[in-house]
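**Q** Structure for this input, please:
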Amino acid sequence: MIKAFRSMAPRPPRATFRRSRRKLVFILLLILVPLSIIGIFTHGQKISYFFRPLWDKPPPPFEHLPHYYAENVSTDHLCRLHGWTPRSEPRRVFDAVIFSNELDLLEIRWRELHRHVHKFVILESNTTFTGIPKPLHFAANRERFAFAEGKIVHSVFPGRVATYGSDRDPFELEAEQRVAMNHLLRRAGISNGDLLIMSDTDEIPSPHTVKLLRWCDGLPPVLHLELKNYLYSFEFPVDYSSWRATAHIYNDWTQYRHSRQTDVILSDAGWHCSFCFRYLREFVFKMTAYSHADRVRHREFLKYSRIQKLICRGDDLFDMLPEEYSFKELIKKMGPIPKSTSAVHVPAYLIENAEKFRFLLPGGCLRSQ
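**A** All right, here's what the predicted structure looks like:
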């Protein structure tokens, strides 16, 4: 009787609690594991960028050369301030760009540099770096640049249309166009000792920087140009992290590149205005056409309403975190870019034609469709 009573006795509370806890843990895992997998799949890029300070190291720091300039100061004096010597005659300057569709920025660039440049060398393709067919925007709008006609050397690179499912690396097509630029420069008549500017269309050296480099001797044979970074317009200054633009004293071994080529950089040498377009369709085109098109992870990224909202907020089109190598810098740059109401020390041609380029100035964030 006592045995039967014992077998019918309730289980100890501790054993019941353990079993309940195991069930709870199992249920939580059943919920959290799939959610984690979905989260990593959806936001993997963000997670990777957030932890970048743990898995990536910054490149070696540049040696920053001080840059001296003030209005009405002679070029001879400026050359000597930099530790260089004045020339009796200026170097010839070749400004070389691989062009996509940045007509407004190209006009500003060439107007700014026109009096200092011997030849404007421009290469465009009938496809994007991602293999999408595109119009020859420069060729179709060449009359807009009639002011520089005598200095223009233009050529078309025959691109290749990507087939469905193609895994062709966009950076390979970009590299092929840079090789083609080497041939075009020789066709343009560049010679040893000339000054060659290598940069994207939206990376604009300031006129006084180009004037300094063409009138001085003793400067480094290869020099990166530090440009002030802007996003969408000159209303959203980001930082001074743009370094890919370069100035070269041309020689037989000079190759057109857009990568790090030396450790020396000239401070505050111009402007880099990224995604600074007039029309919303131009934003969509670049987002799908350039070498980082894989950042368009969802079709909704290309909606005009979304793009317009992000432009006026100064927020990222690709919903990405900043590319930084320390948590301090990453956290500091998270979120929208603070607006600036200053349009001082921007390209002079932009200010002279403020109505035409209102979309690039403070208060002009609304774009046309």
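**Q** mind listing the strands for the stretch 151-300 of the chain?
**A** All strands of the stretch 151-300 of the chain, identified by DSSP state E, counting those that start in this stretch, fall at 152-157, 195-198, 203-205, 216-217, 222-225, 228-231, 246-249, 264-266, 270-274.
**Q** do you know which of those lies nearest residue 56?
**A** strand 228-231 (20.0 Å; Cβ to Cβ). C-beta here means a position set from N, CA and C on the backbone, and glycine is covered the same way.
**Q** quick one: low-confidence ranges for this structure?
**A** By pLDDT under 70, the low-scoring segments of the chain are 1-19, 26, 29-30, 32-46, 49, 162-168, 290-294.
**Q** Which residues outside stretch 349-367 are in contact with it?
**A** 104, 107-108, 111-112, 232-235, 273, 276-280, 283, 307-308, 311-312, 339-343 (Cβ atoms under 8 Å, 6 or more residues apart in numbering).
**Q** Show me where this protein has its helices.
**A** Per DSSP state H, the chain carries helices over the ranges 2-7, 13-50, 52-55, 75-81, 103-113, 137-140, 170-187, 207-215, 280-289, 304-313, 327-333, 348-352.
**Q** can you put those helices in a markdown table and add mean neighbour count and distance to residue 128?
**A** As requested, these are arranged in a markdown table below (neighbours: other Cβ atoms under 10 Å; distance: least, Cβ to Cβ, whole Å):
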| stretch | mean neighbour count | distance to residue 128 |
| --- | --- | --- |
| helix 2-7 | 7 | 79 |
| helix 13-50 | 11 | 22 |
| helix 52-55 | 12 | 28 |
| helix 75-81 | 16 | 41 |
| helix 103-113 | 23 | 16 |
| helix 137-140 | 16 | 11 |
| helix 170-187 | 16 | 8 |
| helix 207-215 | 22 | 29 |
| helix 280-289 | 18 | 4 |
| helix 304-313 | 16 | 18 |
| helix 327-333 | 14 | 29 |
| helix 348-352 | 15 | 27 |
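**Q** closest to residue 146 out of those?
**A** helix 103-113 (11.1 Å).
**Q** Only alpha carbons, please: show that closest one as CSV.
**A** The C-alpha coordinates for helix 103-113 follow below in CSV (Å, rounded to 0.1, in the frame of the first residue of the first chain):
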residue,chain,number,x,y,z
LEU,A,103,27.1,66.0,-67.6
ASP,A,104,26.6,68.7,-65.0
LEU,A,105,29.8,67.9,-63.1
LEU,A,106,31.8,67.5,-66.3
GLU,A,107,30.7,71.0,-67.3
ILE,A,108,31.7,72.4,-63.9
ARG,A,109,35.0,70.6,-64.0
TRP,A,110,36.0,71.7,-67.4
ARG,A,111,34.9,75.3,-66.8
GLU,A,112,36.9,75.4,-63.7
LEU,A,113,40.1,74.0,-65.2
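**Q** The closest residue to residue 279 other than its chain neighbours: what's it in contact with?
**A** Sequence neighbours aside, residue 368 is the residue nearest to residue 279 in space, at 5.5 Å (criterion: Cβ to Cβ, 6 or more residues apart in numbering). By Cβ under 8 Å, 6+ apart, the contact list for residue 368 reads 278-280.
**Q** tell me, what residue is most central in the chain?
**A** Centroid-nearest residue in the chain: residue 274, 5.6 Å away (criterion: Cα atoms, centre = their mean).
**Q** Do I have it right that it meets residue 233?
**A** No. Here residue 274 does not reach residue 233: they are 10.2 Å apart, not a contact under Cβ atoms under 8 Å.
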